[in-house]
Every structure is written in C-alpha cells, then in structure tokens.
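Trainee: Provide a 3D model corresponding to the input given below.
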Amino acid sequence: MSRAPKMCFDRILRRDRQILQRQRERALGRLEAIALIGKPWPNRSTIRIRFLEGTSRQKDMVRDIAPRWTEHANLEFDFTEDPTAEIRVSFDSNDGAWSYVGTDNLDIPLHAATLNLGWQDEGVILHEFGHMIGLSHEHSNPRGGILWNEKQVISDLAGPPNFWDEETTRRNVLHKYSADQLHGTEFDPASIMLYAFPASWTENGVSTKENEKLSATDKEFVASAKMYPQTGSAGNGAIELGVHTAHAASIGAPGEVDLYSFDTDSAGRHVIQTLGGTDVFMNLFGPDSKTAKVGDDDDSGSGRNALITADLTPGRYYVQVQHFDERKTGDYHILVSR
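Mentor: The predicted structure follows:
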C-alpha cells in the first residue's frame, strides 16, 4: 500500500451537522459549490489573528502567505496579540491541519485554537486560511464528478499519516455536500481547496494534483458577489435601519448579500426579522463589530423567513441577509423591533 497523503479534516460545529442534514432533506435541486451558506464574514471585515505558539519562522510564514487571500477578497487580516482575536493559530504537529469554517470561528472559546498548522508550506497555509474565510473542500463539490473507490480510500486513510476511522473518512473525503447547502462555481481541479488524490482512490483512474497556489477561479470566486466583492451592493457599506420601521428590500441579483446596520442606545430585547415570500438566511453581528457574531437564523420566522431574538447592549449592530438559494432573487422586508 502506498503512503496516503496528509489530509486536512473538517471542523464542523455539532449543531451544523443537524442543520446540514435538514437542508439536505429540503432538496432544492442542482447548484454549484463550494462555500457553505451563512459562513462568510461580512464584506470588508477586519479579521484579527493571534498566534498561540510557534517559532518566529512559523509565524513569519503565516504573516507572509495567508494575506494573499486579501489581495482578492475584500477582507483585512490583522495579526495581533489581542486575547479576544477571532482567529487563534496553533502549530501542533500531532493534530494535523485544520480550521473552522468562516464565522464558525466565533463560536470557539477564546482560549482554544481555531486553526492548526501541523505542517507548513505555502499550499497548506493558503488551504487552511481558505477555510477560515469561509471556503469548503473542493472535493466535496456536488459538481465534482469524482467517482470514489470507497474501499481503497477507507483502507488507505486508516493507516499513516492520518489514522482515520471510516466515519471520519466518509465525512471528510467521500461525502459531497448537497446542492442547497452551498454557494460556488463549477468543480475546479486547480483550486487550493482541493487535495492531491492518487488514481487508485477513484473508480475511473482519475487522480488530482497537489495545488500550491490560488487558482484563477479561487481568486474570482472570493472576489465575487457570493463572497467578498470590492464593488456592488455588498461592498458599498451598510444600509441604515430604523427601529419599528419595516424596510423594503430585494435580493436583486444571484449571490447578492445585503448588509444593514442599526443603533440601540439602551440595553433590551430586540427582534430582527424578515417578512415576505423570499427564502433568506440572516446573520447578526455587534455591538460595534462586523465580526462579533450575535446569532444567525434560517427559517424561525413565518414561512421561510429568518428571525433572531436577542438581548442587546448599546451599540451599532450589523445584519447580513442573503437568499438561501444563491441562484435565486426576490423581494423581502426587514424589520427591527424591541
């Protein structure tokens, strides 16, 4: 048996395993991939990154390589010693390579790592920071067409250097996301989010190569309206909302992400909801931060509307709204009340 490649494994929050199953059951139909709905940070976010450990060389490699994503995505990386940084990087060689995906990082206790680099080169740093900004594995793309030789994959990954059990292998390699869980593009064999697989792992003898750099599609996708555009409605700042006044809005183009803000000068319970017949997903951030996540919701409102109820402290809050199916458009209203 040839030695299996080193593999990155998915870090998915437990609650999302149930949500993803429910979304799969909705079966909206064919779509592309490969960023999970609701995981990208608000456009124009500054994401703070703190090292929990590491040598000067390890840290310098990350500082040099990771920001290549920000040359295309409308994000900034701030390397800091702030103990409240959203991203905490470790270099544990016994824990593989992994990262939580996008805003899932905000649900991890501040003392814990959110991204680990058990080995380091240009490709693995770009790959894990791709997860950090909200991207998923390219081999999980439902449009990928990879015909797995499941028995061989499970056997090889049970040995060194991964030592995965069958359930871990199925979740991280063999599983493809269903169409309604994702935003994205056609399968991209040059993507930094795709690992190298030997031909023995596929029924049709197709292999993939190890990618060390961002592909043209990687760059275009993270700069698109589906992720972090430099221009367009999602890149022009937030639309201000009043309290107790419904604002008429529209997802006017496929993949559009609308961003709103509202202020509260006193603590209290607030309800943020959408109204209408359009199936939307909503994220809430604040106070005074586009990266401190307060909550998210899919269908808690009437019909397919989103609804978040939260006890808020004074400050400015940001609401991110997008269509659940990135191919579709539609009108809706958004209302903040207390």
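Trainee: Asn305 versus the most centrally placed residue in the chain, what's the distance?
Mentor: With distances taken as CA atoms, centre = their mean, the residue of the chain nearest its centroid is Gly134 (2.2 Å). Distance of Gly134 to Asn305, given as CB to CB, to the nearest Å: 23 Å. In this view, the C-beta of every residue, glycine as well, is placed from N, C-alpha and C.
Trainee: where does the nearest residue in space to Ala196 that is not next to it in sequence fall, helix, sheet strand or coil?
Mentor: Distance criterion CB to CB, 6 or more residues apart in numbering; nearest residue to Ala196, sequence neighbours excluded, is Glu210 at 3.8 Å. Following DSSP: H, G, I helix; E, B strand; the rest coil, we place Glu210 in the coil state.
Trainee: Quick one: find the helix or strand in the protein with the lowest mean pLDDT.
Mentor: helix 14-26 (a mean of 45; mean pLDDT, DSSP states H and E).
Trainee: Partner strands of the helix or strand containing Asn116 and their direction?
Mentor: With elements taken from DSSP states H and E, the one containing Asn116 is strand 115-117. Applying DSSP bridges, strand 115-117 is found paired with strand 87-90 (parallel), strand 97-99 (antiparallel).
Trainee: What is the subsequent helix or strand relative to it?
Mentor: helix 122-132.
Trainee: Report the buried residues of that following helix.
Mentor: Gly123, Val124, Ile125, Leu126, His127, Glu128, Phe129, Gly130, His131, Met132 (16 or more other CB atoms under 10 Å).
Trainee: so who does the first one touch?
Mentor: Residues in contact with Gly123 (CB atoms under 8 Å, 6 or more residues apart in numbering) are Ile192, Glu210, Asn211, Glu212, Lys213.
Trainee: do the same with the fifth one
Mentor: The contact partners of His127, by CB under 8 Å, 6+ apart, come to Cys8, Ala97, Ile192, Met193, Tyr195.
Trainee: on that earlier part again, okay, the strands paired with strand 115-117 in JSON lines with distance to Pro287, mean pLDDT and mean neighbour count next?
Mentor: Below are these laid out as JSON lines (distance: least, CB to CB, whole Å; pLDDT from 0 to 100; neighbours: other CB atoms under 10 Å):
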{"stretch": "strand 87-90", "distance to Pro287": "20", "mean pLDDT": "98", "mean neighbour count": "22"}
{"stretch": "strand 97-99", "distance to Pro287": "26", "mean pLDDT": "91", "mean neighbour count": "21"}
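Trainee: Would you convert those strands into a markdown table that also reports distance to Ile154?
Mentor: Formatted as a markdown table, those follow (distance: least, CB to CB, whole Å):
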| stretch | distance to Ile154 |
| --- | --- |
| strand 87-90 | 28 |
| strand 97-99 | 20 |
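Trainee: quick one: which of those strands is nearest Ala158?
Mentor: Among these, the nearest to Ala158 by CB to CB is strand 97-99 (18.6 Å).
Trainee: thinking again about what came up before, return the subset of the contacts of His127 lying in helices.
Mentor: Among the contacts of His127, DSSP state H puts none in helices.
Trainee: Helices of the stretch 151-300 of the chain, start to end?
Mentor: Along the stretch 151-300 of the chain, counting by DSSP state H, counting those that start in this stretch, helices occupy 166-169, 216-222.
Trainee: Among these, show me which one is buried the most.
Mentor: helix 216-222 (a mean of 20; mean count of other CB atoms under 10 Å).
Trainee: Tell me how far that one lies from the chain's centre.
Mentor: From the chain centre to the centre of helix 216-222 is a distance of 15 Å (CA atoms, centre = their mean, to the nearest Å).
Trainee: again, but for stretch 110-118
Mentor: On CA atoms, centre = their mean, the centre of stretch 110-118 falls 16 Å from that of its chain.
Trainee: Hmm, Gln152 and Thr169 touching each other?
Mentor: No: using CB atoms under 8 Å, Thr169 is not in contact with Gln152; the gap is 10.8 Å.
Trainee: So which of the contacts of Gly123 wins on neighbours?
Mentor: Counting neighbours by other CB atoms under 10 Å, Ile192 comes out on top of the contacts of Gly123 with 27 neighbours.
Trainee: I'd say that one and Val124 touch.
Mentor: No: taking contacts as CB under 8 Å, Ile192 lies outside contact range of Val124: 9.5 Å.
Trainee: Next, format the contacts of Gly123 as TSV and append pLDDT and distance to Asp299.
Mentor: Formatted as TSV, those follow (pLDDT from 0 to 100; distance: CB to CB, whole Å):
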residue	pLDDT	distance to Asp299
Ile192	87	33
Glu210	75	40
Asn211	81	37
Glu212	88	41
Lys213	92	39
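Trainee: show me where the stretch 1-150 of the chain has strands.
Mentor: Assigned by DSSP state E, counting those that start in this stretch, the strands in the stretch 1-150 of the chain fall at 33-36, 46-51, 76-79, 87-90, 97-99, 115-117.
Trainee: So which of those is the most surrounded?
Mentor: Compared across those, strand 33-36 shows the largest average neighbour count, a mean of 26 (mean count of other CB under 10 Å).
Trainee: circling back to that earlier point, I would like the residues contacting the strand holding Asn116, please.
Mentor: With CB under 8 Å, 6+ apart as the test, strand 115-117 has contacts from 58, 62, 87-92, 95-100, 105, 124-125, 128-129, 131-132.
Trainee: Cool, thanks, signing off.
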